[in-house]
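Engineer: sharing a model prediction with you, sequence too.
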Amino acid sequence: MNVQTPANLSPKDYATDQEVRWCPGCGDYAILKAVQKAMADIGADPANTVFVSGIGCAARFPYYMETYGFHTIHGRAPSFATGIKLTNPDLDVWVVGGDGDGLSIGGNHTLHAIRRNVDISYLLFNNEIYGLTKGQYSPTSRLGTRSPSTPHGSIDSPVDALSFALGVNARFVARGIDRRQDHLPGLLARAHAHKGCSFVEIIQNCIVYNDGVFEHFTEKAVTADMQLEAEHGQPLIFGKNREKGLRLNRQTLELEVATLGEDGFSEDDVIVHDETNRTIGGALARMKPPDFPVAIGVLYCAPAEMSYERAVLAQNRAIADKAPAAGDMNTLLHRGSTWEVAA
Amino acid sequence: MNVQTPANLSPKDYATDQEVRWCPGCGDYAILKAVQKAMADIGADPANTVFVSGIGCAARFPYYMETYGFHTIHGRAPSFATGIKLTNPDLDVWVVGGDGDGLSIGGNHTLHAIRRNVDISYLLFNNEIYGLTKGQYSPTSRLGTRSPSTPHGSIDSPVDALSFALGVNARFVARGIDRRQDHLPGLLARAHAHKGCSFVEIIQNCIVYNDGVFEHFTEKAVTADMQLEAEHGQPLIFGKNREKGLRLNRQTLELEVATLGEDGFSEDDVIVHDETNRTIGGALARMKPPDFPVAIGVLYCAPAEMSYERAVLAQNRAIADKAPAAGDMNTLLHRGSTWEVAA
Amino acid sequence: MDGGSAAPDESGNELESAVVRFAGDSGDGMQLTGTQFTQATAMARNDLATFPDFPAEIRAPAGTTFGVSAFQIHFGSRTIRTSGDAVDVLVAMNPAALKTNLDDLRKGGLIIVDTGSFSRRNLNKAGFEENPLEDGTLDGYRKLEVDMTRMTVEAVKPFGLGNKDAQRCKNMWALGLVDWLFGRDRTINEDWLKQKFARKPAIADANIAALNAGHAFGETADMAREFGSFVVPPADIQPGTYRALTGAEGVAMGLVAGARLAGLHLLFTGYPITPASALLHLLAPLKDYGVTTFQAEDEIAAVCAAIGGSYAGALGVTSSSGPGIALKTEAIGLAIATELPLVVVNSQRGGPSTGLPTKTEQSDLYQAIYGRNADSPLAVVACHSPGDAYFAAIEACRLAVKYMTPVMFLTDGYISNAAEPWLIPDFEDHEPFPVTFRTDPEGYQVYARDPETMARAWVKPGTPGLLHRIGGIEKHHLTGDISYDADNHQEMTDNRLNKILGIAKDIPAQAVDQGQAGGRVAVVGWGSTYGPISRAVSNKRAQGHDVSHIHIRHIRPMPPNLGDLLKSYDAVIVPEMNTGQLVTVLRAEYLVDAKPLNKVNGKPFRIVEIEDALKAWL
Amino acid sequence: MDGGSAAPDESGNELESAVVRFAGDSGDGMQLTGTQFTQATAMARNDLATFPDFPAEIRAPAGTTFGVSAFQIHFGSRTIRTSGDAVDVLVAMNPAALKTNLDDLRKGGLIIVDTGSFSRRNLNKAGFEENPLEDGTLDGYRKLEVDMTRMTVEAVKPFGLGNKDAQRCKNMWALGLVDWLFGRDRTINEDWLKQKFARKPAIADANIAALNAGHAFGETADMAREFGSFVVPPADIQPGTYRALTGAEGVAMGLVAGARLAGLHLLFTGYPITPASALLHLLAPLKDYGVTTFQAEDEIAAVCAAIGGSYAGALGVTSSSGPGIALKTEAIGLAIATELPLVVVNSQRGGPSTGLPTKTEQSDLYQAIYGRNADSPLAVVACHSPGDAYFAAIEACRLAVKYMTPVMFLTDGYISNAAEPWLIPDFEDHEPFPVTFRTDPEGYQVYARDPETMARAWVKPGTPGLLHRIGGIEKHHLTGDISYDADNHQEMTDNRLNKILGIAKDIPAQAVDQGQAGGRVAVVGWGSTYGPISRAVSNKRAQGHDVSHIHIRHIRPMPPNLGDLLKSYDAVIVPEMNTGQLVTVLRAEYLVDAKPLNKVNGKPFRIVEIEDALKAWL
Ligand SMILES: Cc1ncc(C[n+]2csc(CCOP(=O)(O)OP(=O)(O)O)c2C)c(N)n1
Ligand SMILES: Cc1ncc(C[n+]2csc(CCOP(=O)(O)OP(=O)(O)O)c2C)c(N)n1
Ligand code: SF4
Ligand code: SF4
Ligand SMILES: [Mg+2]
Ligand SMILES: [Mg+2]
């Protein structure tokens, strides 16, 4: 180990010497690559960066990042991260976990880290399955998923990670895809730049237990038609020839897809993405094939004045500054009524 | 104890002989009254009704209902309820808990009971405080709440119960108020009628630790102006003289309040409540004073084909019906390859 | 015999000690009254111990038995070790208070009742068919019946309060009377009232008037003749500056002190639960003492945040009671596996499950020692009184940072709420144990151990050149890389165990609290049974019996001399407020035929209970 | 000496027993190969035991050591009790498999390697600098080097498979060879292949061709002369119908049987975790057996749903491994307080924390007995083998419903995955224990107890006239109303404890598995150490030593005769795959100086390890 300076690091400088132990072909490799690229692009200081994870295939992530890393227990990574940030808010803290880790056992911690707005970047690798425990269905698995624990098909409807996040006041919500190396690193850099909890769902193919569940929108051939790249200030247009756009149905107040030039639908009628608008963010998050493309990019971003741990420390400091005998232990021990017993 | 028939029961028939141990003046009394009235209105069979609760002041509820009751542990009531429904779907199961019980420690179980759509009626008594443990702030407490654990004011922003529920696919979302005895029993009857998880937030005043936090919209004098009673098919109008209505801002896609007759705003421009519309439900749930009234009533209701436990049992039955040797234990013991060892 | 023994007689005689209990409705302000009497008593240089007994309900309907709130104080001219077995003077502000507290009054003791509250309605609510003041219920006690309500209302008339506010002063009337009864200087109470109601002078004046009126009643009525006033001479108390200290305060300040002595920031995390919440409430305001508090969404998040804090270089401390500790056990395993410091404070309460949250018990010892999956050794430290809590908490912090290990710290509802006068130590006298974080990359290996303590080095993320990764999967015993190797797992398992066992070298030998090594009977305790065991043993010794008292602070590991010490007695008796937990540990560890003495009714041992049990052995 | 002792010689000699291990890359299909060889061996009427050893990774990169998957089978003409200490025949499909498995091969044992996989690249991946086939690494072993890859590709050419698919048949080639080596009838393997690939006949045919080719290679090559083929005569096996049974299957079917015998629906709840998930997978399809399975959002929700199920009148069962059980402990306390039936299955694995999930350990005994807050007694039952798991699981169900109590059921990763031939019992022979739900309102009191069992009555919600409320706050010992009364709490605490202790009357006296009561040494075990202890003791006894084997199933409470039994030996040795847990319990309970024999490296005891340890005592 030697002392590194953040300048001029390349993606491979963020790789450890550990053998990567995901299944060959797993989407996690692509995400690892994108993260390492994003780190180099950002110029992240490895010594000042911490990857915190729960348990699962995704949660193996820290072992492969040449930064500080804490591979904790199943579902609780956001809580560890909160403790880390409260102790040292200057650390760059990334949380990595799977859909089971973050939305099943860990749903509540995800909820509260988002609600409190702890300044972490939460990367949720969604493969719609429990990889590490060999393929049981997860809370994001689609209805009817056959798995070892649902041999006749699952019957509980899945949760949408981003709608959940928005429902509990997320201030940065984004979606990326393992295969979109052209898009993902930039998205991660945005998440990193956001002060507060940035919640990023990354669609990830589990080649062993859930291969191909995303191919209807991730296959090269359908990318243009089935993915919509939301960009702030740009009209929500997609399609091979950028011929389709989103508009609001005034009746239902829901989004709908229309073809430009048809039925008098012109570019002016297309909704322009405003990432500070919660209604648009929510509607984009909810869009599902086949009727809609899958929205990727930063769907919502509305930073708060201060992240949670900064506000905690600001309050601590304000009180401490006002306290007359700040920090004197004997003063503390003598607080309240005391009396003397003479010899 | 004697055998009761559901016919002709009055609210007091649903009261136990236990002394009610809430603080005098607590909003829980009013809710208890409303629930007992609703039970009588519904004609609920006490023997077929189970109240399940976690821990907290609110969670004392089962002791006061002359039905079956299970006062469990903090935050887990939805999970017990799920087990009960999976075992006997014919029972009417009500879950009662506070904001700490349901959204702090129990947030994840609330989430998954809603997502799965277990056929329970979940009554969340929101007093924005931990009552039973003597007044610490809760995840619904407003920013700046001073409490024993936040003596200098809380700094994490609260979660909105109904937005959370909608974010995780709730199919029945409603809000009531302890003081609205005219409104609450009917709401509860609606929740009961809904097949699937009905999630009801009930605004409840904690007279000891959080007195008056809701008075800006619950005081008699401001009721008409600060509460909006959403009713399916009716325009979203409120105000002492029913002079205010909600309309959509085409620019921001958000709701706004306008006065009828001003700036050409007429009743035709008022949004008509469609409880099957998630966008409207979501927008209503989010409305907060002072700019908006608080929406009460059934904000969203879109029943699924089948509730979770019904679907589970239907699947079980379908498989069992198809199985040739259904239930024969010796067949089970002999499944797979067997071989004979002769004497 | 302890409290209750020194019977006041009619002549205003000197007493060695006395026990007074104030009991009334939750709304009657009995906790304040008791605290104020405690202050005045402490000023009079009596040694003392107090015990508040809250109702389980937040605010039960007025007048009911389950809404009764009581505060007991035991004070004397000798060392006081418990809040007293039997009550000498019972102040009962209403029928319900009389009903629920009479059993504890010593025969011949004095009852002071507010007759103004003995209405038919209140009698009914308390479940009295007849008026106990009239039907002979109180035969065998001395009783002083005063219409305090009326007299208070009279006394405060000049201040123009409404009837309700006027009546609320009656606790001060009662305080005045009891102040008089024991010759207390009530200026301290007056001062406090002035300060408390600084912004409502009318209320302050009214309360002071009530206080004075109660006092005057004692002086002027024929009290002295009929009931006598009592004199409890000052105790032989070490000179110095004192304060009243509850166990919760002791733990809170001990944790702050421990972090300071280690040179660390304190990250205290919790989720409210009775009786543990008190710690969170006490620490939350101490932002000027390098303390950050975090109220998490549940106990699991709390312990994980504390571990995260330790990982990042703070002293992570988390606190709860039994059910909450149960939820933390998985994460504690991670702290054990990653060898990070952590203090877990358990304020024990009655169980199982929700149990009796406001009652005391010491039934989480098994959980502390054994309550985790897998071979998961950690250190366990127990405090035995409010003052001891301060020092024991410092010790827990010391072990956690020195040995890079979780430490389970045991206190209980009784210690947390009880108060005692505390000779305030000088912080400068404490031995510091500053942490040195590793910053030198040269030769760093994540799980390389200090040869003496077997602790691995503590590295703060943010340190250049020491990048590494840790986690809960078994790690190579040096590099810290994931290792599924069989021999390595055996080695790491042994290392984890031996590190904890090695702490035994670094703790004081087990002392004998009273008596000597060897002899007939040793009474062995831990935690809050200290007071009653100590007094019972000293009473028995005073009677000439060969009995010693051993009280164990370090429960895991135990002091190395403990086994031999226990074997030096003919009999070993282990009183516990559980069904027998420490006794199991001692039997397994040392194969001594230690005998349990168990009490699980939510209340501390009475001294006589231990004395009675000892009879069989002496 | 056990497996590994019977050295095959060159002359095709008869062996009493043999140990074969198939090892290869995760993608090589070693588990299937092993299972198929097991089937053929069982048909040949050998007794046998198997043990699969999966890699921790789902699919590690091909060729790496951490991606090696192995399957071991021990079979013989006598009773087989373990999967074997030392390997007689090792099939190594690649260099990594050779690397990680060679240590376990007995000196003089036979290695069969696929030379086709010994490319430079694969050697590198396995961490070999030199080719071990050439550098003398294998000196002292007998080796058979075959280019299985090439020969397989040749054999399957007619079926037009792609190269990859063709190569994937090489495990069947290896199976054919080993079938030949031990004279197995391979029709059963052929039948299985036909069935498995019914929809892909080309694949089926290719695999069968490979199987036959491997077999033919044995027959035609000069194999018989050079290496001998072995004959393991049929064991003296009880006649009847057999199946292979893994521990997970044993538990799963035992639970279904237990619920059936109680006349109840089974609600099985879990959250995936290795190695417990197997139970969920096995039970999920059994919808035609009155089984509902529920995959909850976490372990806490799972246990709560199971308790909810029991409350509503089903048999609630929840399952996990150590870290997940830790999360369930708070809720188990509620089941104890409300006295509802519940079975908690713990499939133990290596710890602490995440530990070694795919390795075995029996280190959750403390957690099972003591791992809860407060005085929270429950019953603990442990199974010791796959077949025993079935009966022990039924026993756990019986105790849960009869005594209205949670029962902790302990199994472990070794038992779960290991397989043995199982004489299928006739379900009609099992004694039913039907539950009677209370329906009579007359005189019903929620906590009134059956005088014999001390169990309270079980009432299903939905029953008219029996409306009541229960919960975790302490309850009146008869009415079930909330009670903060001191004496009541003592009574209920005693009741809870005595109910569990009373189970001792209802369980069989502790038997001596081998040997007799009294004597020199007793080896006392529980759980999966059964096999190695049993064989070690029988070996020692065969050598004339006075040593007995006692194996404990009922761990809480223990059989009443156990204390006297243990005291009847000069020495008591307790081998455990932990740092000494049962031994602590025995010492505390009976004050016998039981000595630990511990092994915590993720692997079962080898027989010789126990034999060696016994030397000091015999
Ligand atoms: C307390 C606990 N419960 C269960 C497990 C077992 N477990 C490990 S990872 C995992 C889920 C993996 O799914 P996911 O989080 O989606 O990650 P993936 O493997 O798909 O990347 C489970 C259930 C555990 N390690 N700890
Ligand atoms: C595991 C556990 N943690 C903590 C507690 C303590 N506790 C009891 S109720 C409660 C919160 C009460 O707040 P809420 O749910 O809002 O109910 P309220 O009393 O306000 O009606 C807490 C923290 C507990 N009983 N169990
Ligand atoms: S199991 Fe799935 S998610 Fe896990 S490493 Fe393999 S391919 Fe990736
Ligand atoms: S503390 Fe608050 S919520 Fe609880 S009973 Fe009293 S008033 Fe009601
Ligand atoms: Mg996943
Ligand atoms: Mg609340």
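Structural biologist: Structure's in. What do you need? The model shown is predicted, which means the values in this text are computed figures rather than measured ones. Numbering: from 1, shown residues only, chains lettered A, B, ... in the order given. Ligands and ions are numbered 1, 2, ... in the order given.
Engineer: and the residue in the stretch 1-150 of chain A positioned nearest to ligand 2, which of the three is it?
Structural biologist: Scanning the stretch 1-150 of chain A for proximity to ligand 2 using Cβ to the nearest ligand atom identifies residue A:108 as nearest, at 13.1 Å. The way it works is simple: take the backbone N, C-alpha and C, and place the C-beta from them, glycine included. The local conformation at residue A:108, judged by DSSP: H, G, I helix; E, B strand; the rest coil, is helix.
Engineer: burial check on it, number of neighbours?
Structural biologist: Neighbours of residue A:108 under the rule other Cβ atoms under 10 Å in any protein chain shown: 28.
Engineer: equivalent analysis for residue C:612, please.
Structural biologist: Burial of residue C:612 is recorded as 12 neighbouring residues (other Cβ under 10 Å).
Engineer: the residue of the stretch 1-150 of chain A closest to ligand 2 contacts residue B:103, correct?
Structural biologist: No. Between residue A:108 and residue B:103 no contact is recorded; they are 9.0 Å apart, counting by Cβ atoms under 8 Å.
Engineer: wait, what's in contact with the residue of the stretch 1-150 of chain A closest to ligand 2?
Structural biologist: Neighbour list for residue A:108: B:105-108, B:111, C:297-298, C:301 [criterion: Cβ atoms under 8 Å, 6 or more residues apart in numbering or on different chains].
Engineer: equivalent analysis for residue A:242, please.
Structural biologist: Under the criterion of Cβ under 8 Å, 6+ apart, the contact partners of residue A:242 comprise residue A:260.
Engineer: swap in residue A:169?
Structural biologist: Contacts of residue A:169 were listed using Cβ under 8 Å, 6+ apart, and they are A:114-115, A:117, B:157, B:159-160, B:163.
Engineer: quick one on the thing from earlier: now distance to residue C:563 and pLDDT too, for the contacts of residue A:108, in a markdown table please.
Structural biologist: A markdown table is the format used below for the contacts of residue A:108 (distance: Cβ to Cβ, whole Å; pLDDT from 0 to 100):
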| residue | distance to residue C:563 | pLDDT |
| --- | --- | --- |
| B:105 | 42 | 98 |
| B:106 | 46 | 98 |
| B:107 | 48 | 98 |
| B:108 | 47 | 98 |
| B:111 | 52 | 98 |
| C:297 | 44 | 98 |
| C:298 | 40 | 98 |
| C:301 | 40 | 98 |
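Engineer: closest to residue C:262 among these?
Structural biologist: Of all those, residue C:301 has the smallest distance to residue C:262: 24.3 Å, by Cβ to Cβ.
Engineer: counting by contacts, list what whatever helix or strand the closest one lives in packs against.
Structural biologist: Using DSSP states H and E, residue C:301 maps to helix C:299-312. With contacts defined as 3 or more Cβ pairs under 8 Å, 6 or more residues apart in numbering or on different chains; DSSP states H and E, the secondary structure elements packing on helix C:299-312 are helix A:77-87, helix A:107-116, strand C:266-270, strand C:315-320, helix C:322-338, strand C:342-348.
Engineer: and the ones you listed as TSV, adding distance to residue D:256?
Structural biologist: Formatted as TSV, those follow (distance: least, Cβ to Cβ, whole Å):
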stretch	distance to residue D:256
helix A:77-87	37
helix A:107-116	31
strand C:266-270	43
strand C:315-320	38
helix C:322-338	29
strand C:342-348	40
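Engineer: as a check, name the ranges of all helices in chain A.
Structural biologist: For chain A, the helices defined by DSSP state H occupy A:27-42, A:77-87, A:99, A:107-116, A:161-167, A:184-193, A:215-218, A:223-226, A:278-286, A:308-322, A:329-333.
Engineer: repeat for the stretch 501-618 of chain C
Structural biologist: Taking DSSP state H, counting those that start in this stretch as the criterion, the stretch 501-618 of chain C contains helices spanning C:530-542, C:562-567, C:582-590, C:607-615.
Engineer: just give me the neighbour total for residue 165.
Structural biologist: You didn't say which chain, so I picked chain A. The number of residues packed near residue A:165 is 31, by other Cβ under 10 Å.
Engineer: nope, chain C
Structural biologist: Neighbours of residue C:165 using other Cβ under 10 Å come to 16.
Engineer: surely it touches residue C:203?
Structural biologist: Yes. In this structure, residue C:165 sits in contact with residue C:203. The criterion is Cβ under 8 Å, and the distance is 7.0 Å.
Engineer: now residue C:202, what's its secondary structure?
Structural biologist: For residue C:202, the secondary-structure state derived from three-state DSSP is helix.
Engineer: for the residue in the stretch 151-300 of chain C that chain D sits nearest to, which non-adjacent residue is spatially closest?
Structural biologist: Proximity to chain D, evaluated over the stretch 151-300 of chain C using Cβ to the nearest Cβ, is greatest for residue C:300 at 8.0 Å. Sequence neighbours aside, residue C:327 is the residue nearest to residue C:300 in space, at 5.2 Å (criterion: Cβ to Cβ, 6 or more residues apart in numbering or on different chains).
Engineer: what is the burial count for residue A:222?
Structural biologist: The local packing of residue A:222 (other Cβ under 10 Å) involves 15 other residues.
Engineer: surely it is in contact with residue A:239?
Structural biologist: No. Using Cβ under 8 Å as the test, residue A:222 is too far from residue A:239 to be in contact (10.8 Å).
Engineer: separation between whichever residue of the stretch 151-300 of chain A sits closest to chain C and residue B:172?
Structural biologist: When distances are taken as Cβ to the nearest Cβ, the stretch 151-300 of chain A reaches nearest to chain C at residue A:168, 11.4 Å away. Distance of residue A:168 to residue B:172, computed by Cβ to Cβ, to the nearest Å: 19 Å.
Engineer: stretch C:168-180 and chain B in contact?
Structural biologist: No. Contact between stretch C:168-180 and chain B is absent, the nearest approach being 15.3 Å (criterion: Cβ under 8 Å from any Cβ of the partner chain).
Engineer: name all residues that make contact with the residue lying closest to residue A:276 once chain neighbours are set aside.
Structural biologist: With Cβ to Cβ, 6+ apart as the measure, residue A:302 is the residue that lies nearest to residue A:276, at 4.9 Å, once sequence neighbours are left out. By Cβ under 8 Å, 6+ apart, the contact list for residue A:302 reads A:171-172, A:275-276, A:278.
Engineer: farthest-separated two in those residues?
Structural biologist: A:172 and A:278 (11.9 Å).
Engineer: please pull out the lowest mean pLDDT helix or strand from the chain.
Structural biologist: All of this is about chain A. Here the helix or strand of chain A ranked lowest by mean pLDDT, DSSP states H and E is strand A:338-341, holding a mean of 87.
Engineer: chain C, not that one
Structural biologist: One helix or strand of chain C scores below all others by mean pLDDT, DSSP H and E: helix C:223-226, with a mean of 58.
Engineer: and after that one, which helix or strand comes next?
Structural biologist: For helix C:223-226, the following helix or strand on the C-terminal side (DSSP H and E) is strand C:240-246.
Engineer: write out the residues of chain A neighbouring ligand 3.
Structural biologist: Proximity of chain A to ligand 3, by Cβ under 6 Å from any ligand atom, involves residues A:22-23, A:26, A:28, A:57, A:127, A:131, A:206-209.
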